[in-house]
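Trainee: Got a predicted structure plus its sequence, pasted below:
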Amino acid sequence: MRHLPTLLITLALSLLPLAATIEHNFPTDWQSRLYLPEFIAQPDYHTPRFSTGTYLPQAIRENMTLTANHNPYLLTSTTRINPSITVTIEPGVTIFAAENTALIVDGHLIARGTSALPVTFQSNEKHPLNQTWLGLMAQPQASIDLQHVSIDNASPAISCLPNSHVAISQTKIYRGSVGLFQSQTPCRLTDSFINGPTIGLISINTVPQVINSLIIAQQAEITTSSAPTN
C-alpha cells in the first residue's frame, strides 16, 4: 500500500496519450456536456451628428444668451437652469441633445425664433435607437416661453409640472412618445403643431389649453386623467 500513490501517478501519466487522442478525435465532446453561455456584445450605435460645438454646462448659474454665432450647442448631459436665472435663446440657434438628456428649468427659459429662423432642439444621435432625449422640463415656479421653436424626438418634448408657467406658440413638435405632459398646471399651446408622437398630450388633474393648434398622434391626440395630488 505504500507504493499506491506512485502507482496512481504512473497510471495517470500512462493514460495522458489516450486522453489526448480522444480530445483530438472528438474536440467538441466535452463542450456538448457543458453549457457555456455566449456573451455577444451589443454594437455601439452612438454616432453623434456633432462632436464639437458649444457645450452647455450641467448647471447654468448666471443669465445667459445663446446666439446662432456659436452653433451648434451641445447638450451632452442634463442641464439645469438655476432658480431666478434666465436663459434667452435667439433666432436660428440649434441645440443638439445626447440620448436621455434634458433641459430642466428651475428659473426662466425664453426661446424666440422667427418663421425663417426658428430655434431648433433635436437629437444629436444619427441612429434611431439612440435618438430619444427628455425634452424641456418646467419645474414648479419656473417659466418657459417658446415662440417659433422646433422640437424633435424628445419624450416628452415639454413637461409642465405643478405651478409652472409655460406658453408655447407657433411651435412644432415632432415624433417621440409624448408631445406635452402636464400635471395640475396646463401648458398653453397656441397656433402650434404636434405631429407623430405616440400620444400628443397627457393631462393630469388639469384641463388642456389648446388654442388654434393641430395634434396628430399615433394612438391618441389628448389623454386626460385624475390622480391623487398628495
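Mentor: Everything's here; your move.
Trainee: least trustworthy helix or strand in the chain by mean pLDDT?
Mentor: helix 4-25 (a mean of 50; mean pLDDT, DSSP states H and E).
Trainee: Could you identify the helix or strand that succeeds that one?
Mentor: strand 54-55 (DSSP states H and E).
Trainee: was I right about residue 104 contacting residue 144?
Mentor: No: the pair residue 104 and residue 144 does not pass the contact test of Cβ atoms under 8 Å, sitting 10.8 Å apart. Every residue, glycine included, has its C-beta placed from N, CA and C.
Trainee: Between these two, point out the one with more neighbours.
Mentor: Using other Cβ atoms under 10 Å as the criterion, residue 104 and residue 144 rank with residue 144 on top: 25 against 21.
Trainee: wait, what's in contact with the residue lying closest to residue 50 once chain neighbours are set aside?
Mentor: Once flanking residues are discounted, residue 50 sits nearest to residue 72: 5.0 Å by Cβ to Cβ, 6 or more residues apart in numbering. Going by Cβ atoms under 8 Å, 6 or more residues apart in numbering, residue 72 touches 50, 53, 54, 94, 95, 96.
Trainee: what lines up beside the helix or strand hosting residue 223 in the sheet?
Mentor: Take DSSP H and E as the rule and residue 223 turns out to sit in strand 220-225. Partners of strand 220-225 in the sheet, by DSSP bridges, are strand 199-204 (parallel).
Trainee: what is the rounded mean pLDDT of the partner strand?
Mentor: Regarding strand 199-204, the rounded mean pLDDT is 97.
Trainee: what does stretch 64-77 give?
Mentor: 98.
Trainee: Report the buried residues of that stretch.
Mentor: Residues of stretch 64-77 classed as buried by neighbour count (16 or more other Cβ atoms under 10 Å): 66, 68, 71, 72, 73, 74, 75, 76.
Trainee: Equivalent analysis for stretch 158-177, please.
Mentor: 158-162, 164, 166-177.
Trainee: Find out how far it is from the centre of the chain, if you would.
Mentor: From the chain centre to the centre of stretch 158-177 is a distance of 16 Å (Cα atoms, centre = their mean, to the nearest Å).
Trainee: same check, this time on stretch 172-192
Mentor: Remark: stretch 172-192 is offset 17 Å from the chain centroid, using Cα atoms, centre = their mean.
Trainee: Equivalent analysis for stretch 68-87, please.
Mentor: Using Cα atoms, centre = their mean, the offset of stretch 68-87 from its chain centre is 16 Å.
Trainee: let's number from 28 now, not from 1
Mentor: All right, first residue 28 from here; so that's stretch 95-114.
Trainee: hmm, back to that, just the closest of the buried residues of stretch 91-104 to residue 114, please.
Mentor: When these are compared for distance to residue 114 (Cβ to Cβ), residue 93 wins out at 7.0 Å.
Trainee: Good, we can wrap up now.
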